[in-house]
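Participant: prediction below, plus the sequence it came from.
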Amino acid sequence: MTQHAKPSSQILHDGQAMRFDDTAVAFAHRSTGELKRARWMFGLIGAPWLVKLGSRTIDLAMTLRLPIGWALKPVFDYFCGGENIRESLSTADNLYAFGVQTILDFSAEGQTGEHALDAARDEILATIQAAEGDPRFAFAVFKVSALSDNHLLEAKGTSAQWSETEQAAWKKVEQRVALLCSEAANRGVRIMLDAEETWLQDAIDGLAEAMMRKHNQTGCTVYTTAQMYRHDRLNYVIGLEESARKEGWVAGVKLVRGAYMEKERERAQNAGRPSPIQPNKAATDRDFNAALDYALSTLDHLNIVCGTHNETSTAKLAEGMVAKGLDPSDPRVTFAQLLGMSDNLSFNLTHKGFTSAKYVPYGPLREAIPYLIRRAEENTSVGGQTSRELTLIRTELKRRKG
Ligand SMILES: Cc1cc2nc3c(=O)[nH]c(=O)nc-3n(C[C@H](O)[C@H](O)[C@H](O)COP(=O)(O)OP(=O)(O)OC[C@H]3O[C@@H](n4cnc5c(N)ncnc54)[C@H](O)[C@@H]3O)c2cc1C
């Protein structure tokens, strides 16, 4: 449903700064009507008191099983592809018309019971099948916690003795992960494992490393995720690359800053343990950017997805690629953002020939609510400042008015 012609792409030259302020490029895929609705929505979710009140009301409404879908539908439509893969295909088409690829992200959080975990595995399998041989899709992705009870993941990271039932349940988790990765490899689809809370992550790291060693012998199919808000992760990424180089495989890493900072700090404090999180934002930024630099000089054994909405890091990587004489479309580097966020990055990147992809979450509206609340919280105004998204949308609407 695009009303604007696809802008012709341009090349970024060495020494030139990567800019993301071209809102005509950023929003070419959105009609004026859509942008006006988005302006209204971001204006509403920009008020912190309303988001707080909204989150509590939604929690209560969910507990009481009240029908609140109609109220959330505009937010759902902006940040999610739809309720299923079929409904998400028009989003994938619209993004791909401007060169931005899709990463179908089945939103299932906190599943329990073997039946629900198998159903989640089958749904993720369907995203792999959908991506096979289809250039609209960049990767498949999953959260290991969608395939395992959290208590198992947590216990796996400790030396606790397991019952036979727990051992059998863990075997099934390993089988689900192994099946998804080998299906992805057999179908030529790259696949990422998301990173989660530290108390689950040791188990996830073990699974991801085994899958990378198995499937990344000749190229990079399986990618793990490193959260650079953890003070140990820069060394972890370097260690992965060193092992890959020594043993002759390719490490795949999605670099992110990390999404669970408050939870992590609170849990460490309650347990009287030092926090696994960096002391401040500057330290997180420093390690994130250091990991980008490290990857740029070791791409033969470390392929990356740069998962960020941070403009400085995104520009740094794009400019770094050009400075090293790499083709912007080098498949060893992908930029990624979330649907409905930082379109100025995604579309200006593809406009300059870089590869960028959007996570397109999908699933029943009810189950997407925690995800939507996180997006709303991210877009509330800090210190009275208009959110980045709203400022960009206003600029583009003004430009279209002429
Ligand atoms: C494509 C994609 C995939 C993602 N996948 C995952 C995933 O698998 N796992 C996951 O955990 N997250 C994931 N995220 C979310 C990501 O971790 C960040 O929460 C989010 O992108 C915001 O960080 P930023 O780099 O975009 O922007 P910025 O606004 O520059 O950074 C904000 C981030 O900086 C860090 N930070 C903020 N304040 C402090 C402080 N005082 N001290 C230390 N650090 C601080 C936090 O990580 C915070 O989220 C993903 C994001 C994207 C775009």
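Facilitator: On my side now, so go ahead.

Participant: tell me which parts of the stretch 51-200 of the chain are close to the ligand?
Facilitator: D194, A195 (C-beta under 6 Å from any ligand atom). Where you see a C-beta, it was placed from the backbone N, CA and C, and this is true even at glycine.

Participant: same thing with the stretch 201-350 of the chain?
Facilitator: Near the ligand, when you scan the stretch 201-350 of the chain using C-beta under 6 Å from any ligand atom, you find 225, 227, 229, 256-261, 277-278, 280-281, 284, 307-310, 336-338.

Participant: so where do the strands sit in this protein?
Facilitator: For the chain, the strands defined by DSSP state E occupy 101-106, 137-142, 191-193, 222-227, 251-256, 302-307, 333-338, 356-362.

Participant: any chance of these in a markdown table with mean pLDDT and mean neighbour count as columns?
Facilitator: Converted to a markdown table, these look like this (pLDDT from 0 to 100; neighbours: other C-beta atoms under 10 Å):
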| stretch | mean pLDDT | mean neighbour count |
| --- | --- | --- |
| strand 101-106 | 97 | 25 |
| strand 137-142 | 98 | 25 |
| strand 191-193 | 98 | 26 |
| strand 222-227 | 98 | 26 |
| strand 251-256 | 98 | 26 |
| strand 302-307 | 98 | 25 |
| strand 333-338 | 97 | 24 |
| strand 356-362 | 97 | 25 |
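
Participant: between those, which gets nearest to A168?
Facilitator: strand 137-142 (21.5 Å; C-beta to C-beta).

Participant: show the secondary-structure elements that that closest one is packed against.
Facilitator: strand 101-106, helix 114-131, helix 164-186, strand 191-193, strand 333-338, strand 356-362 (3 or more C-beta pairs under 8 Å, 6 or more residues apart in numbering; DSSP states H and E).

Participant: any idea which of the ones you listed gets closest to L207?
Facilitator: Comparing the helices and strands packed on strand 137-142 by their distance to L207 (C-beta to C-beta), the top pick is helix 164-186, with 5.0 Å.

Participant: render the CA-only coordinates of the closest one in PDB, please.
Facilitator: In PDB, the C-alpha atoms belonging to helix 164-186 read as follows (Å, rounded to 0.1, in the frame of the first residue of the first chain):
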ATOM      1  CA  GLU A 164      14.900 -38.400  35.600                       C
ATOM      2  CA  THR A 165      11.900 -36.400  34.600                       C
ATOM      3  CA  GLU A 166      14.000 -33.200  34.400                       C
ATOM      4  CA  GLN A 167      16.700 -35.000  32.400                       C
ATOM      5  CA  ALA A 168      14.000 -36.300  29.900                       C
ATOM      6  CA  ALA A 169      12.500 -32.800  29.600                       C
ATOM      7  CA  TRP A 170      16.000 -31.300  29.000                       C
ATOM      8  CA  LYS A 171      16.600 -33.900  26.200                       C
ATOM      9  CA  LYS A 172      13.500 -32.700  24.500                       C
ATOM     10  CA  VAL A 173      14.600 -29.100  24.700                       C
ATOM     11  CA  GLU A 174      17.900 -30.000  23.100                       C
ATOM     12  CA  GLN A 175      16.000 -32.000  20.400                       C
ATOM     13  CA  ARG A 176      13.700 -29.000  19.700                       C
ATOM     14  CA  VAL A 177      16.700 -26.600  19.300                       C
ATOM     15  CA  ALA A 178      18.600 -29.200  17.200                       C
ATOM     16  CA  LEU A 179      15.600 -29.800  14.900                       C
ATOM     17  CA  LEU A 180      15.100 -26.100  14.200                       C
ATOM     18  CA  CYS A 181      18.800 -25.500  13.500                       C
ATOM     19  CA  SER A 182      19.200 -28.500  11.200                       C
ATOM     20  CA  GLU A 183      15.900 -27.600   9.300                       C
ATOM     21  CA  ALA A 184      17.300 -24.100   8.900                       C
ATOM     22  CA  ALA A 185      20.600 -25.400   7.700                       C
ATOM     23  CA  ASN A 186      19.000 -27.900   5.300                       C
END
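
Participant: which one, of the helices and strands packed on strand 137-142, ends up nearest to L147?
Facilitator: helix 164-186 (4.3 Å).

Participant: just the angle between the closest one and strand 137-142, please?
Facilitator: Helix 164-186 runs at 180 degrees relative to strand 137-142, counting by axes from the mean of the first three to the mean of the last three C-alpha atoms, to 10 degrees.

Participant: list of residues touching helix 164-186?
Facilitator: 114, 117-118, 121, 124-125, 128-129, 140, 142, 144, 147-149, 152-153, 155-156, 162, 190-191, 193, 207, 211, 214-215, 221-222 (C-beta atoms under 8 Å, 6 or more residues apart in numbering).

Participant: filter these down to the buried ones, PyMOL style.
Facilitator: Restricted to buried positions by 16 or more other C-beta atoms under 10 Å, the PyMOL selection for these reads:
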select buried, resi 117+121+124+125+128+140+142+144+147+148+149+152+153+155+156+190+191+193+207+211+215+221+222
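
Participant: roughly how far apart are the residue in the stretch 101-250 of the chain that the ligand sits nearest to and D343?
Facilitator: Per C-beta to the nearest ligand atom, D194 is where the stretch 101-250 of the chain lies closest to the ligand, at 3.3 Å. From D194 across to D343, the span is 22 Å (C-beta to C-beta, to the nearest Å).

Participant: which of these two has more neighbours?
Facilitator: Shown here are D194 and D343; by other C-beta atoms under 10 Å, D343 has more neighbours (27 against 22).

Participant: tell me, how many residues neighbour R230?
Facilitator: Around R230 there are 22 other residues, counting by other C-beta under 10 Å.

Participant: how much space is there between the closest residue in space to it that isn't next to it in sequence and R400?
Facilitator: Excluding the flanking residues, the one nearest R230 by C-beta to C-beta, 6 or more residues apart in numbering is P276, at 5.2 Å. Going from P276 to R400 by C-beta to C-beta gives 46 Å.

Participant: out of those two, which sits in the busier spot?
Facilitator: Set side by side, P276 and R400 show more neighbours around P276, with 21 against 15, by other C-beta under 10 Å.

Participant: my read: the more buried one touches A268, true?
Facilitator: Yes - using C-beta atoms under 8 Å, P276 is in contact with A268, at 6.6 Å.

Participant: tell me which residues touch T225, please.
Facilitator: Counted by C-beta under 8 Å, 6+ apart, T225 has contacts M192, L193, D194, A195, V253, K254, L255, V256, G307.
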